[in-house]
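Participant: just coords:
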Ligand SMILES: Cc1cc2nc3c(=O)[nH]c(=O)nc-3n(C[C@H](O)[C@H](O)[C@H](O)COP(=O)(O)OP(=O)(O)OC[C@H]3O[C@@H](n4cnc5c(N)ncnc54)[C@H](O)[C@@H]3O)c2cc1C
């Protein structure tokens, strides 16, 4: 007989559970109904009474570890809290959101409970046995896993299930008190690069360098490859000019900036660099897998480890001097065999000419 524990945590405000936590509650409820198993929900937050009432209609036993030490993510306190809840609930299956807060500690908690863990779970089936569908190798392979050993921890990818909703009502929460030794890590706050609305960047004339070049909401992903900093037909490198062309294009199009690995790595080996690029811009197997309606690769060869990061890009175009590059081998919808310096310069002129119209229509 299985017993289900859903582990949840509050968001930064401390006033509600995260969306990922509520998705995990949905999964826990479905699972306990299908398996006819007991459901417990564990809460890690500063004040459990603030976040617990939204779980009133979940009809579950509620456990919590609460207090100022649990307001913010910290390895030692989060791992201790999750472990204490697991020891109190003694579950056979633990479902938790794959948030950065829980992903960091859950393998350790599984180890302390002599259990095993699956990460990047997208679905949980209950055909003959409990089965977890999960991704491997940066979302390139999907597998269905089943295990005999318990407790089995399942970290659920966000966005895969509906968030639990229910009328808030008074609830009974069993608080577990744990004695933490003095914490070495004190969270003072968090800092993120300034991200602004694309439309406001477009119309303000602001320098994209100061506006953040990674714009998940943009329609277009513009990818810069290492070719921008290679010797060109005149035998010279034009890295400064390349940087200006790219920034101008980002400025007038509002596109998000991606990069190949070769280009972002160049700073390390003394080659010319584009100062506004960091490893956060890198797209591919060892980089990110962004989602945009369209993508334009420039001066990039289109090798598999790079293009695998384009799997969620809708329409793909590329500008490359090499008629034999990876893009022309079926990886792009349209390839312009052309000099990207010339194409982007011309595009910038066209976009600049359209700018007043864009600005007016935005108003
Ligand atoms: C384990 C592993 C993981 C990897 N992970 C990643 C990853 O996550 N992301 C990633 O990007 N790569 C990754 N790589 C590296 C990848 O295999 C390629 O080496 C890399 O993507 C090549 O980058 P590039 O196309 O920018 O550079 P290059 O291969 O140097 O290609 C530059 C291109 O620019 C073209 N060019 C030059 N000048 C112009 C011009 N004026 N106009 C138009 N075209 C021009 C050239 O013809 C050439 O095709 C990984 C490799 C390994 C082994």
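Facilitator: Yes, it's here. Just so you know, these numbers come straight off a predicted model, no measurement behind them. Numbering: from 1, shown residues only.

Participant: residues near the residue in the stretch 251-363 of the chain positioned nearest to the ligand, how many?
Facilitator: Taking C-beta to the nearest ligand atom as the measure, the stretch 251-363 of the chain has residue 284 as its residue closest to the ligand, at 2.3 Å. (C-beta placed from N, C-alpha, C; glycine too.) For residue 284, the neighbour count with other C-beta atoms under 10 Å is 21.

Participant: that one contacts residue 313, correct?
Facilitator: No - look at residue 284 against residue 313 with C-beta atoms under 8 Å: they stay out of range, at 11.9 Å.

Participant: what's the burial count for the spatially closest residue to residue 151 that is not a sequence neighbour?
Facilitator: The spatial neighbour of residue 151 that comes closest, neighbours along the chain excluded (C-beta to C-beta, 6 or more residues apart in numbering), is residue 115 at 3.8 Å. Under the neighbour criterion other C-beta under 10 Å, residue 115 is assigned a count of 20.

Participant: who's in contact with the longest strand along the chain?
Facilitator: As far as residue count goes, and with DSSP state E defining each element, the longest strand of the chain is strand 116-125. Residues lying outside strand 116-125 but in contact with it, judged by C-beta atoms under 8 Å, 6 or more residues apart in numbering, are 27, 30-31, 95, 98, 103, 106-107, 110, 130-136, 139, 142, 144-145, 147, 149, 152-157, 160.

Participant: in PyMOL, select just the buried ones from those residues.
Facilitator: The command below creates a PyMOL selection of those among the contacts of strand 116-125 that count as buried (16 or more other C-beta atoms under 10 Å):
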select buried, resi 27+31+95+98+106+110+130+131+132+133+134+152+153+154+155+156+157+160
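
Participant: so who does residue 89 touch?
Facilitator: With C-beta under 8 Å, 6+ apart, residue 89 has these contacts: 3, 5, 40, 42, 61, 63.

Participant: any idea what residue 45 is bridged to?
Facilitator: In this structure, residue 45 bridges to residue 66 when assessed by DSSP bridges.

Participant: paired strands for the helix or strand hosting residue 5, with orientation please.
Facilitator: Using DSSP states H and E, the element containing residue 5 is strand 3-9. Sheet pairing of strand 3-9 (DSSP bridges) gives strand 38-45 (parallel), strand 93-97 (parallel).

Participant: quick one: whichever helix or strand comes after that strand to chain centroid distance?
Facilitator: Scanning forward in sequence from strand 3-9, with DSSP H and E defining helices and strands, the next element found is helix 19-35. Helix 19-35 sits 21 Å away from the centroid of its parent chain (C-alpha atoms, centre = their mean, to the nearest Å).

Participant: end-to-end on stretch 280-291?
Facilitator: Distance between the boundary residues of stretch 280-291 (C-alpha to C-alpha, to the nearest Å) amounts to 15 Å.

Participant: and the helices in the stretch 201-350 of the chain, which stretches?
Facilitator: Taking DSSP state H, counting those that start in this stretch as the test, the helices found in the stretch 201-350 of the chain are 239-253, 261-265, 304-307, 340-362.

Participant: so can I have CSV of these showing mean pLDDT?
Facilitator: As requested, the helices of the stretch 201-350 of the chain are exported to CSV (pLDDT from 0 to 100):
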stretch, mean pLDDT
helix 239-253, 94
helix 261-265, 93
helix 304-307, 96
helix 340-362, 81
